[in-house]
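Asker: Sequence first, predicted model second:
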Amino acid sequence: MTSFTTTPNGPESDQDVATPDIVVVVDGPEAAPKTTTFAELGVREEIVRALAESGIEHTFAIQELTLPLALSGDDLIGQARTGMGKTFAFGVPLLHRIVTDESRPLTGIPRALIVVPTRELCIQVYEDLANAAKYLRVGDRKMSVTAIYGGRPYESQIEALQKGVDVVVGTPGRLLDLAQQGHLQLGGLSVLVLDEADEMLDLGFLPDIERILKQTPDDRQAMLFSATMPDPIITLARTFMNQPTHIRAEAPHSAATHENTTQHAYRAHALDKVEMVARILQADGRGATMIFTRTKRTAQKVADELAERGFKVGAVHGDLGQAAREKALKGFRNGDVDVLVATDVAARGIDIDDITHVINYQIPEDEQAYVHRIGRTGRAGKTGIAVTLVDWDELPRWTMIDKALGLDTPDPLETYSSSAHLFTDLGIPADATGSIGKATRSTEPRDRPQRESRDGEKRVSSDRPARNRERTRQRTRGAAKSEATSGQDTESTGSAPEGTETAPAGDSTGPAKRRRRRRRPSTSAPTTS
């Protein structure tokens, strides 16, 4: 069993102040799985069997500490850094309790609600709980779990709720919409969970959360999980929880960042960053890798450039439709893609244990975002590498992050893609270049990022400029033959279709002139002399 101490509320620690009830602090390394099994903690056999089939038998510290309290119905606050197993810390007791409570049989009205900050985390938590619940049945009825999140049509989610759902995982905005429309009933909840509460605060979801809480019964069990405990989250906990136990599954003096993640920071020139990244991706032992950018445009640009250099890369950012984001994440999880370029918001909630490298292509806004980013690697007791590329104009912000986290690297060493110490530090082969082969399929037009129109039709956004340029070129040259030819993209070959160069620019006869006369009234107002 994990050894731990209990500390009453008191002024000794900033995090202990104003925290309800007691604080439990682990005395050892919190990341490694423990010897205690889920079965030994009294979890139902169906759940234990489902987890075992996924290779999960032993608990992590946060799970071992929270399960006894959660199974007994107590309110609790679970605090642990990312990658410590928080999903099953609340998911397992939640499933166990609602299927075991014979006084409140499952009727299809939601009995448990898990609120998460992002679509990606919603999908992940849903998949984890659906897998853990796959053998749970009440009579002839199988326990049902559904995901409710934005970016998808309302109709299918409303239909699922009408058929009957026992566990709902959702994002605040869509949950509130469906609740206000009367499709989502929250009056029958037995268990309420707020996951990644600090991220919901950062994203501005706190007002929506408060509106959702007002629609839930007072006698339900409440669990709140968060990596950090800022004052607004503590205030929220006091408002909707009943004497919760605060469990902090980490060593008392552990650092904010993971000790088992090796961190490197280099001062890099913006025009050389892609070259540097291409070489880092060829480092010995490099596995699944996440690259973070601050802007959506940069994320797509980096993904496209790496794909052109032969890397298997996907992108997740706000300009992509939800289907495209889910496709990229699925490819990253199953190994079809081993490099994922993402913005901070889009990447929150991506929970993959086998990520070996995190690259900060652009530095984050603050130290908390930095911790969230590099927390994607070095998870579940494994080691990882985090590389941060600091541009010259980013130095002031990096200095603040460095000071806040005590990284002791306020002035990173100036580094280029050819610098010997880059190869030595990261184990990059001496013969590594900026390319590993032919461009991957992700650079072809059919796989370029898609935008969704209001009517749901998908259009390849990156093809529009090429088509517009083609039309402009053809109209300028008066190329009637080229205008009549469809499906040809002259930008891809660097020359116009055969015959267009010989057409006289001032030729006023033929089809080109007639087309110009037809278009003039629709593009410009009539003029009078």
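Answerer: Yep, that arrived.
Asker: can you give me the strands for the stretch 51-200 of the chain?
Answerer: Secondary structure of the stretch 51-200 of the chain (DSSP state E, counting those that start in this stretch): strands at 76-79, 112-115, 137-138, 141-142, 145-148, 167-170, 191-194.
Asker: centre of the chain versus the third one, how much separation?
Answerer: On the basis of CA atoms, centre = their mean, to the nearest Å, the separation between the geometric centre of strand 137-138 and that of its chain is 33 Å.
Asker: And for the fifth one?
Answerer: In terms of CA atoms, centre = their mean, the centre of strand 145-148 is found 17 Å from the chain centre.
Asker: Show me which positions of that strand end up buried.
Answerer: Within strand 145-148, the residues scored as buried using 16 or more other CB atoms under 10 Å are Val145, Thr146, Ala147, Ile148. C-betas here are computed from N, CA, C, even on glycine.
Asker: Spit out the contact partners of Tyr135.
Answerer: Glu46, Ile47, Arg49, Ala50 (CB atoms under 8 Å, 6 or more residues apart in numbering).
Asker: Distance check, Leu306 against Lys330.
Answerer: As judged by CB to CB, to the nearest Å, Leu306 and Lys330 stand 19 Å apart.
Asker: neighbour count winner among those two?
Answerer: Comparing Leu306 with Lys330 by other CB atoms under 10 Å, the one with more neighbours is Leu306, at 27 against 13.
Asker: still on that earlier bit, take the buried residues of strand 145-148 and write them to TSV, including pLDDT and distance to Leu281.
Answerer: Below are the buried residues of strand 145-148 laid out as TSV (pLDDT from 0 to 100; distance: CB to CB, whole Å):
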residue	pLDDT	distance to Leu281
Val145	96	37
Thr146	97	38
Ala147	96	32
Ile148	96	36
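Asker: and which of those residues is nearest Val167?
Answerer: Nearest to Val167 among the buried residues of strand 145-148, counting by CB to CB, is Val145 at 4.4 Å.
Asker: quick one: stretch 329-342 to chain centroid distance?
Answerer: 12 Å.
Asker: quick one: buried residues of it?
Answerer: Residues Leu329, Gly331, Phe332, Arg333, Val337, Asp338, Val339, Leu340, Val341, Ala342 are the ones in stretch 329-342 that count as buried (16+ other CB under 10 Å).
Asker: will you turn these into a markdown table that also has secondary structure and distance to Ala299?
Answerer: Output for the buried residues of stretch 329-342, formatted as a markdown table (DSSP: H, G, I helix; E, B strand; the rest coil; distance: CB to CB, whole Å):
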| residue | secondary structure | distance to Ala299 |
| --- | --- | --- |
| Leu329 | helix | 14 |
| Gly331 | helix | 16 |
| Phe332 | helix | 14 |
| Arg333 | helix | 19 |
| Val337 | coil | 14 |
| Asp338 | coil | 17 |
| Val339 | strand | 12 |
| Leu340 | strand | 10 |
| Val341 | strand | 5 |
| Ala342 | strand | 6 |
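Asker: Phi and psi next, for Val337.
Answerer: Torsion angles at Val337 (phi, psi; degrees, to the nearest 10) stand at phi -120, psi 130.
Asker: thought it was touching Ala315?
Answerer: No. Judged on CB atoms under 8 Å, Val337 makes no contact with Ala315 at a distance of 9.5 Å.
Asker: Please enumerate the shared neighbours of the two.
Answerer: Common neighbours of Val337 and Ala315, using CB under 8 Å, 6+ apart, are Ala328.
Asker: Please, where are all the strands along the stretch 301-450 of the chain?
Answerer: Along the stretch 301-450 of the chain, the stretches classed as strands by DSSP E, counting those that start in this stretch are 313-316, 339-343, 355-360, 384-390, 413-414, 450-452.
Asker: Tabulate the ones you listed in CSV, adding columns for mean pLDDT and distance to Gly139.
Answerer: Output for the strands of the stretch 301-450 of the chain, formatted as CSV (pLDDT from 0 to 100; distance: least, CB to CB, whole Å):
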stretch, mean pLDDT, distance to Gly139
strand 313-316, 93, 41
strand 339-343, 93, 43
strand 355-360, 95, 42
strand 384-390, 95, 46
strand 413-414, 96, 66
strand 450-452, 40, 41
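Asker: right, and those strands - which one's nearest Arg97?
Answerer: Closest approach to Arg97 among the strands of the stretch 301-450 of the chain (CB to CB): strand 355-360, 32.5 Å.
Asker: How about residues contacting the closest one?
Answerer: Residues contacting strand 355-360 (CB under 8 Å, 6+ apart): 261, 277, 280-281, 283, 285-292, 370, 373-374, 376-377, 379, 384-389.
Asker: now with 6 Å?
Answerer: 277, 286-292, 374, 376-377, 384-388 (CB atoms under 6 Å, 6 or more residues apart in numbering).
Asker: With respect to Ser418, which of those is nearest?
Answerer: Nearest to Ser418 among the contacts of strand 355-360, with distances taken as CB to CB, is Val277, at 13.9 Å.
Asker: Am I right that Ala222 is in contact with Met241?
Answerer: Yes. If you go by CB atoms under 6 Å, Ala222 and Met241 touch, sitting 4.8 Å apart.
Asker: which neighbours do the two share?
Answerer: Asp75.
Asker: low-confidence ranges in the stretch 401-529 of the chain?
Answerer: 441-529 (pLDDT under 70).
Asker: change it to 90
Answerer: By pLDDT under 90, the low-scoring segments of the stretch 401-529 of the chain are 436-529.
Asker: Kindly report the same for the stretch 1-150 of the chain.
Answerer: Within the stretch 1-150 of the chain, the ranges that satisfy pLDDT under 90 run 1-36, 54-55, 57, 60-62, 79-86, 101-108, 118-121, 124, 137-142.
Asker: now do 50
Answerer: Applying pLDDT under 50 to the stretch 1-150 of the chain flags the ranges 1-21, 27-31.
Asker: Just the helices from it, written as ranges.
Answerer: Under the criterion DSSP state H, counting those that start in this stretch, helices of the stretch 1-150 of the chain are mapped to 45-53, 61-71, 86-100, 119-132.
Asker: can you put these in JSON lines and add mean neighbour count?
Answerer: Listed next are the helices of the stretch 1-150 of the chain as JSON lines, based on neighbours: other CB atoms under 10 Å:
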{"stretch": "helix 45-53", "mean neighbour count": "17"}
{"stretch": "helix 61-71", "mean neighbour count": "24"}
{"stretch": "helix 86-100", "mean neighbour count": "24"}
{"stretch": "helix 119-132", "mean neighbour count": "22"}
